[in-house]
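# Requesting a structural model of the entry that follows:
(2 chains)
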Amino acid sequence: MRGFWKLAWVEIKIYLRQPEATFFTLAFPILLLLLFGSIYGNKPNPFFGGRGMVDVSTPAYLAMIIGSTGLLSIAISVSSYREKGVLRRYRATPLRPAAVLASEVVVHFLMTLFGGALLIVAARLVYSLKFEGRPLDVLFGFTLSCLSFFALGFLLASVARTARTAYILGMVLYFPNLFLSGATIPKQTFPQALRAASKFIPLTHVVNLMQGLWIGDPLGKHVLEVAVLAGLLVLGVAVSAKAFRWE
Amino acid sequence: MSLAAPAIAVNALAKSYGRLKAIDGVSFSVGTGEIFGMVGPNGAGKTTTIECLEGMRFPDGGEIRVLGLDPRKDGQALRERIGVQLQQSALPDDMKVWEALDLFASYYRKPADWKPLLDRLDISDKRNSRFSKLSGGQKQRLFIALALVNDPELVFLDELTTGLDPHARRSMWDLVRAIRERGKTVFLTTHYMEEAEQLCDRVLVIDHGRIVALDSPANLVRGLKSEIRILFTAESGLDPAPLKALAGVTRIEQSGERVLVAGQGDRLICLVINALDAQGVRFRDLRTEQPDLEDVFLALTEEAGLEGRAR
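The predicted structure is shown next:
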């Protein structure tokens, strides 16, 4: 993998230089936490099954970060690299094409993880966030969710002819996912019909999985979510493998 | 040049996009250490050819050997040994100049030290600048630096100076000559005839995917057999008859004091001046117009161009 880690490192630096990318991944989740935390606090509440608002929202905000790196960051950066000719320039070197795509995945995973870690640290320090889950299960759920949303991002970059189209598609998918999945507004507040409809929003399954694993549910209790996310991963990889173009 | 194995050997290369034959049976070879230029109108097949040589595109037919390798089968090995400047490419906007060089160097088994390249390409003061903040000429110099970062044996330059101002263009020419002086072979495409004339040992003229001519710039101009024009101002009493009788003169035009003598032959200018001197005619503002590669290019591609438009 000659050049791969250096590429990943340079891409991380580039990511951190882009204010719009760092805002959505690193800053926005914390702002949201502070906003809702200042309104509702983190007092135990029967509405949230005896837990506090922050205890329930933090894993949901993790889902929000995953949705934005997958549907926005990956889709936009990969399609604009193609449109500008960055991918073309890499192709003229001995670097393996798979290394370019793998570095995108690694960099976005690390950035998502970093954003999630900042959020958790902030929630812990400011609102004494409680964690009742198994760390390895949570990490598994987080990684699976990342991979399947990154695959959706690659799918968007593959079907969109231009970076602009990828950007629009990403936005059109991102906002319903953000608001109807429970990632920002707790699903407990949704009317019945909306709660039923939210099952068809991919990010809902990330929210359910992360919230469940956070309070210590065994993985066996979330077979549906794991299956849906694995299915999206397979779909995203299959379509991208067929439709992805280098130029 | 002829003894060593050629750097590039192309035989009956063909590539179509749908029904359009972008390259239609092109054969040529490029010697080691040569600066070889490919010229032709837009859409003539220059970029398709260069991309087939680089292994970026695969031909439908014909055979290619670059440094003895088949770009289709040995693409990976070939890319280790060639340097490429692409016509349309970019780097991420927020990548810095030094990061790009350091990164690209890491892609190769035997990278050159990239730090001296900053000086050679006159971008040392830009080493911490982001790609998006560079001017067109600086971007182009960075791309050349990237093409040299593996100390390649053969360098491909596709439309190197398109969009650059005349000053930047001339400094690019010096760079290309410097690359050759280091013993490397250069294959370039351009649509500036002056550039081809200044830089190239041999020029291939391509049009509609076929080779129209292939020779040194001087031979191409000589082969055109177009007229040399001598223009001057005759001060008094010029008798055109003795001039008309000179060997090689085809016509004389006079308007007031301005005289134009047109004809052919290497000795034409000498003959005309001697004849004027013999007549005792005083003249001034004498200049000559000789055909250059641009005339060759227009003559060779004109017919095909008109034909192309009629289709």
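
# What's the first helix or strand after the lowest-mean-pLDDT helix or strand in chain A?
Lowest on mean pLDDT, DSSP states H and E among the helices and strands of chain A sits helix A:19-22, with a mean of 88. As assigned by DSSP states H and E, the chain's next helix or strand after helix A:19-22 is helix A:28-40.

# Which positions within that following helix qualify as buried?
If you call a residue buried by 16 or more other C-beta atoms under 10 Å in any protein chain shown, then helix A:28-40 has these buried ones: A:28-30, A:32-33, A:36-37, A:40. Glycine gets a C-beta too; all of them are placed from N, C-alpha and C.

# quick check, nearest of those to chain B?
residue A:28 (19.9 Å; C-beta to the nearest C-beta).

# what residues are up against the closest one?
residue A:68 (C-beta atoms under 8 Å, 6 or more residues apart in numbering or on different chains).

# How about residue A:162, nearest residue that isn't a chain neighbour?
Of all residues not flanking residue A:162 in the chain, residue A:83 sits nearest, at 5.9 Å (C-beta to C-beta, 6 or more residues apart in numbering or on different chains).

# and what of residue A:64?
Using C-beta to C-beta, 6+ apart and skipping the chain neighbours, the partner closest in space to residue A:64 is residue A:183 (4.1 Å).

# Residue A:134 too?
Nearest to residue A:134 is residue A:216, by C-beta to C-beta, 6+ apart, at 6.8 Å.

# Need the three-state assignment for the one you found.
At residue A:216, secondary structure determined by DSSP: H, G, I helix; E, B strand; the rest coil is coil.

# and it, how many neighbours does it have?
Look at residue A:216: counted by other C-beta atoms under 10 Å in any protein chain shown, it has 13 neighbours.

# tell me the contacts of it?
Contacts for residue A:216 were tallied using C-beta under 8 Å, 6+ apart; they are A:132-134.

# Looking at those, which are in strands?
Assignment to strands by DSSP state E places none of these there.

# Just send the residues you listed back as CSV, with neighbour count and pLDDT too.
Listed next are the contacts of residue A:216 as CSV, based on neighbours: other C-beta atoms under 10 Å in any protein chain shown; pLDDT from 0 to 100:
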residue, neighbour count, pLDDT
A:132, 11, 94
A:133, 18, 95
A:134, 15, 96
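
# list the contacts for residue 108?
Picked chain A for this. Residue A:108 sits in contact with A:15, A:69-70, A:73-74, A:146, A:150, A:153, where contact means C-beta under 8 Å, 6+ apart.

# not what I meant, chain B
A:2, A:93-94, B:80, B:149-150.

# Check residue B:282 too.
Counting by C-beta under 8 Å, 6+ apart, residue B:282 touches B:234-236.

# gap between the residue nearest to residue A:134 and residue A:55?
Separation of residue A:216 from residue A:55 (C-beta to C-beta, to the nearest Å): 12 Å.

# before we move on, the earlier item: so can I have TSV of the contacts of residue B:108 showing distance to residue B:197, secondary structure and pLDDT?
Listed next are the contacts of residue B:108 as TSV, based on distance: C-beta to C-beta, whole Å; DSSP: H, G, I helix; E, B strand; the rest coil; pLDDT from 0 to 100:
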residue	distance to residue B:197	secondary structure	pLDDT
A:2	41	coil	77
A:93	32	coil	95
A:94	35	coil	94
B:80	33	helix	96
B:149	30	coil	96
B:150	30	coil	95
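
# Give me the buried subset of the residues you listed.
A:93-94, B:80, B:149-150.

# Tally up the residues packed near residue B:72, please.
Using other C-beta under 10 Å: residue B:72 sits among 13 other residues.

# Hmm, it is touching residue B:54, no?
No: between residue B:72 and residue B:54 there is no contact under C-beta atoms under 8 Å: 11.3 Å.

# circling back to that earlier point, show me which of the buried ones among the contacts of residue B:108 is closest to residue A:170.
Using C-beta to C-beta, residue A:93 comes nearest to residue A:170 of the buried ones among the contacts of residue B:108, at 28.5 Å.

# isn't the closest one right up against residue B:107?
Yes: in this structure residue A:93 lies within contact range of residue B:107 using C-beta under 8 Å: 4.4 Å.

# Residues of the stretch 1-150 of chain B that sit close to chain A?
Within the stretch 1-150 of chain B, the positions near chain A by C-beta under 8 Å from any C-beta of the partner chain are B:54, B:56, B:76, B:79-80, B:84, B:86, B:88-92, B:94-95, B:99, B:102-104, B:106-109, B:130, B:146.

# Show me the residue at the heart of chain A, geometrically.
Nearest to the mean C-alpha position of chain A, counting by C-alpha atoms, centre = their mean, stands residue A:66 at 0.8 Å.

# contacting residues around that residue?
Contacts of residue A:66 (C-beta under 8 Å, 6+ apart): A:112, A:142, A:145-146, A:149, A:203, A:206.

# List only buried entries from the residues you listed.
For the contacts of residue A:66, a burial check counting by 16+ other C-beta under 10 Å picks out A:112, A:142, A:145-146, A:149, A:203, A:206.

# just curious, which of the contacts of residue A:66 is nearest to residue A:232?
Taking the contacts of residue A:66 together and measuring to residue A:232 by C-beta to C-beta, the closest member is residue A:149, at 7.7 Å.

# Could I get the pLDDT score of the residue nearest to residue A:162?
We have a pLDDT of 95 for residue A:83.

# May I see the buried residues of the lengthiest helix in chain A?
Looking across chain A with DSSP state H, the single longest helix is helix A:97-127. For helix A:97-127, a neighbour-count test (16+ other C-beta under 10 Å) marks A:99-101, A:103-109, A:111-116, A:118-120, A:122-123, A:127 as buried.

# helices or strands up against the helix or strand just after that helix?
Using DSSP H and E, the helix or strand that follows helix A:97-127 in sequence is helix A:135-159. In terms of contacts (3 or more C-beta pairs under 8 Å, 6 or more residues apart in numbering or on different chains; DSSP states H and E), helix A:135-159 is packed against helix A:53-67, helix A:75-84, helix A:97-127, helix A:163-180, helix A:202-214, helix A:223-243.

# Including distance to residue B:247, could the ones you listed go into JSON lines?
Formatted as JSON lines, these follow (distance: least, C-beta to C-beta, whole Å):
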{"stretch": "helix A:53-67", "distance to residue B:247": "85"}
{"stretch": "helix A:75-84", "distance to residue B:247": "60"}
{"stretch": "helix A:97-127", "distance to residue B:247": "65"}
{"stretch": "helix A:163-180", "distance to residue B:247": "66"}
{"stretch": "helix A:202-214", "distance to residue B:247": "87"}
{"stretch": "helix A:223-243", "distance to residue B:247": "70"}
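
# Residue B:260 is nearest to which of those?
The nearest among the helices and strands packed on helix A:135-159, by C-beta to C-beta, is helix A:75-84 at 51.9 Å.

# so the closest one versus helix A:97-127, what angle?
Between helix A:75-84 and helix A:97-127, the angle comes out at 150 degrees (axes from the mean of the first three to the mean of the last three C-alpha atoms, to 10 degrees).

# Tell me the first helix or strand C-terminal of helix A:75-84.
helix A:86-91.

# do you know how far the spatially most central residue of chain B is from chain A?
The centroid of chain B falls nearest to residue B:196 when counting by C-alpha atoms, centre = their mean (2.9 Å). For residue B:196, the distance to chain A equals 23 Å [C-beta to the nearest C-beta, to the nearest Å].

# Thanks a lot, catch you later.
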